[in-house]
Every structure is written in C-alpha cells, then in structure tokens.
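Undergrad: Just to be clear, the model below is a prediction. Sequence and coordinates:
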Amino acid sequence: MKIAVLPGDGIGPEIVAQAIKVLEALRGDGLKIEMEHAPIGGAGYDAAGDPLPEATLALAKASDAVLLGAVGDWKYDTLPRDKRPERGLLRIRKELNLFANLRPALLYPELAAASTLKPEVVSGLDIMIVRELTGDVYFGQPRGISTLPNGEREGINTMRYNESEIRRIGRVAFEIAMKRNKKVCSIDKANVLETTELWRQVMIEVAKDYPQVELSHMYVDNAAMQLVRAPKQFDVMVTGNIFGDILSDEASMLTGSIGMLPSASLDQHNKGMYEPSHGSAPDIAGKDIANPLATILSAAMMLRYTFNDEANAARVENAVKKTLAQGVRTADIVTEGCRKVGCAAMGDAVVANLG
Ligand code: IPM
Ligand code: MG
C-alpha cells in the first residue's frame, strides 16, 4: 500500500509527523506501507508556483491513500484566487473524485469536561456527518466577480446538484447507517432552495432501498440549533458540501476541541484522502502545541476504510483512548488535574500506548 503524505502549511507538518510516527510503529509490526512526501497548498506554491503541483497530483493519483495535514496561511491571502492554498485542496478533492467526506464527531468520555457544553448534553455523543464534497456552491458554475453595466460589482456562486450526485452520497450515508444505529437525518433548506428540494426527493428515493433505516429531514438552520440543544438525537447526518462544512465545525466543538475530529474523503472505490477536519492554524505553527490526535485518528480511518485493516485501526484508536485516560492532554483539551504536553510528546504517548 502506498501513501502519499502531503503535510501542507501551518501546523500541517508537525501534526502529520505524529501520524507518521504511529504508522511507522505499525510498519515495524508488519504493516506493509510505503510513504512518499509531496508539497500542497502554500508549500506547493512555494515549491512549484502551484497549490497543487503536477507532481503532487500525480503522486496522489498513483497512491492508494493520501494523508494530508492542512493548507493555508495568511501570507498567501493576497495571491490570485487560483494560486491560493485552499484551491489546491479543492482541486485534489475534485481530481480524485473524493465525493464522500466522513466526519465522525465522537466524544471520548475523558473529554466531557473539555466541551463548552454541559457534560450531560454531550456524554455518549457519536455522530457521523456524511458531507458531499465535490459539488454544490463550492464548484457550481457560473461563478465569479464581475462588473455590472452600472459599474457596480456583483459576486456570483451557483448552488447546484444533479440527481446522481445526490444519490451516490445518499447511498454512502445509508450504508454507514446500516452499520450503526440505522438512522439518517438528511439536512436541507427545502423550504427555500430548489437544489435542496431535489436533495430531499432523492434521499426519499434512496431510502426505499434501505427499509431498516429510519430517514428524517431537517432544515439546516434547525440542525445547527439541534446540534447544540440535543446532539445525541443524531446518528448519521447527510449534507451537501456547504452545509456540511459549517455543521461539521459546529459538531467538532461538542467533542471538546476541533483538534479531535478526523476525516476521510472517499471515492467510489474507497480510495481516500485522510485529514484532520481542522485548519492549518498558522498562529500556533512551529510552537509544538498543536493537537495531533485528529490527524492520528485520520490515519486510523485510512487503515479502516482504504486498507480494510480493522485490527490496526482499532489499535490506533485504543491507543488514543488510553492516552486520554492517562490524563495526557494538549493545550486545547487540557482540564484540571491533567498533564499538558506538546504535539510531539502527544505523538510519542500514542505510540507508547499502541500495545
Ligand atoms: C474544510 C475546510 C475547507 C472547506 C477549506 C479549507 C477550503 O474548511 O475542509 O472543512 O471549506 O471544505
Ligand atoms: Mg471547514
């Protein structure tokens, strides 16, 4: 199995280094993997004038899986839009056809006190957000900023989804629900937006093939509210690209810190790109204080979804649980009585707990 490692910008390199430590330890125990590094985002721009250099894309295409850190830094904010780090990320998602983004929001019992919500509201929380990743207003044409005849500027983005795009993400959500609590909540704004009216219709059609799964629908504004009011009502949430972007950040805070939330972005054949749900946090880059757990847990998702290696996936997840149970915490999740450590020390602790 070949893994393309794309550390990216900001805290990307340091958090990815911790996930690599974990993968190297598994390799020492017989896991057959090969890793190759390449630049993406601002690092891609610095190396090759392109946030997704051709060589990086070629490596990603030739690999079985991609491990990504994060992209973006203020110093690239003044570049033309197509040179900005985020564009590299969006392009690699599109080029590899990674339409299914899985973002589990799982609360580790030890972190109940780290959440800004009351422990009784979040304890036992286990939500899987299934976000469509290659369509919607993120990619819809027409788009751009143009000047109207009266000299005023206008910005345009287009929210669009066709039936087959909705159906394939719907199937992913229902398949996942079958392995969990058999509940899918589809998020839309069908009272206002036709795109999502179609979304709702197609979800109802997909549900016919999964009679054991209970399908419900919720407007996105209500979903945002319910996530903080009573988040445990959710099992699988299936969303379009932009709603999923927003709701997954919100859901991450239920778990104590966005530094805990991994993600998998999969194509039709379970080839995948694995990255933490959080960003590049340039303000804390290089300070050895970032939380590497979301990246380490993303590597566990890689083992599960692309390599079909449930045993090693569980081994990594258990090592993370054990580390938390020992009271080891990075700054973002530290609470009274715990031991605060840096990014590298957290990686070492997880490796030591692999058992
Ligand atoms: C995410 C990020 C990206 C997105 C940005 C960096 C383009 O927020 O992965 O959630 O909007 O998809
Ligand atoms: Mg986001």
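TA: Looks like it arrived, so ask away. Since the model is a prediction, treat every value here as computed from it, not as a measurement. Ligands and ions are numbered 1, 2, ... in the order given.
Undergrad: what about the residue of the stretch 201-350 of the chain at minimum distance from ligand 1, how many neighbours?
TA: Among residues of the stretch 201-350 of the chain, the one nearest ligand 1 by CB to the nearest ligand atom turns out to be residue 245. It sits 4.5 Å away. No exception for glycine: its C-beta is placed from N, CA and C like everyone else's. The local packing of residue 245 (other CB atoms under 10 Å) involves 17 other residues.
Undergrad: list the contacts for it?
TA: Under the criterion of CB atoms under 8 Å, 6 or more residues apart in numbering, the contact partners of residue 245 comprise residue 131.
Undergrad: ok, which stretches of the stretch 151-300 of the chain are helices?
TA: For the stretch 151-300 of the chain, the helices identified by DSSP state H, counting those that start in this stretch occupy 163-178, 194-207, 220-229, 241-254, 293-305, in order along the chain.
Undergrad: How about residue 84, nearest residue that isn't a chain neighbour?
TA: By the measure of CB to CB, 6 or more residues apart in numbering, the closest residue to residue 84 outside its immediate chain neighbours is residue 76, 5.6 Å from it.
Undergrad: Likewise for residue 23?
TA: residue 299 (5.8 Å).
Undergrad: repeat for residue 50
TA: Residue 50 sits nearest to residue 44 (CB to CB, 6+ apart), 5.8 Å away.
Undergrad: now the one you found: how far from residue 78?
TA: Distance of residue 44 to residue 78, computed by CB to CB, to the nearest Å: 17 Å.
Undergrad: Between the two, point out the one with more neighbours.
TA: When residue 44 and residue 78 are compared for neighbours, residue 44 comes out ahead with 28 against 8, by other CB under 10 Å.
Undergrad: And that one, what's its pLDDT?
TA: Among the per-residue scores, residue 44 holds a pLDDT of 98.
Undergrad: can you give me the strands for the protein?
TA: In chain order, the chain shows strands spanning 2-8, 34-37, 65-70, 100-106, 126-132, 144-147, 153-156, 183-188, 214-219, 236-239, 264-266, 272-274, 328-329, 339-340, with DSSP state E as the criterion.
Undergrad: would you turn those into JSON lines with distance to residue 310 and mean neighbour count?
TA: Supplementary listing: the strands of the chain in JSON lines, determined by distance: least, CB to CB, whole Å; neighbours: other CB atoms under 10 Å:
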{"stretch": "strand 2-8", "distance to residue 310": "18", "mean neighbour count": "24"}
{"stretch": "strand 34-37", "distance to residue 310": "21", "mean neighbour count": "13"}
{"stretch": "strand 65-70", "distance to residue 310": "16", "mean neighbour count": "27"}
{"stretch": "strand 100-106", "distance to residue 310": "15", "mean neighbour count": "24"}
{"stretch": "strand 126-132", "distance to residue 310": "16", "mean neighbour count": "24"}
{"stretch": "strand 144-147", "distance to residue 310": "45", "mean neighbour count": "9"}
{"stretch": "strand 153-156", "distance to residue 310": "46", "mean neighbour count": "9"}
{"stretch": "strand 183-188", "distance to residue 310": "23", "mean neighbour count": "24"}
{"stretch": "strand 214-219", "distance to residue 310": "26", "mean neighbour count": "16"}
{"stretch": "strand 236-239", "distance to residue 310": "19", "mean neighbour count": "28"}
{"stretch": "strand 264-266", "distance to residue 310": "14", "mean neighbour count": "25"}
{"stretch": "strand 272-274", "distance to residue 310": "15", "mean neighbour count": "27"}
{"stretch": "strand 328-329", "distance to residue 310": "25", "mean neighbour count": "24"}
{"stretch": "strand 339-340", "distance to residue 310": "31", "mean neighbour count": "13"}
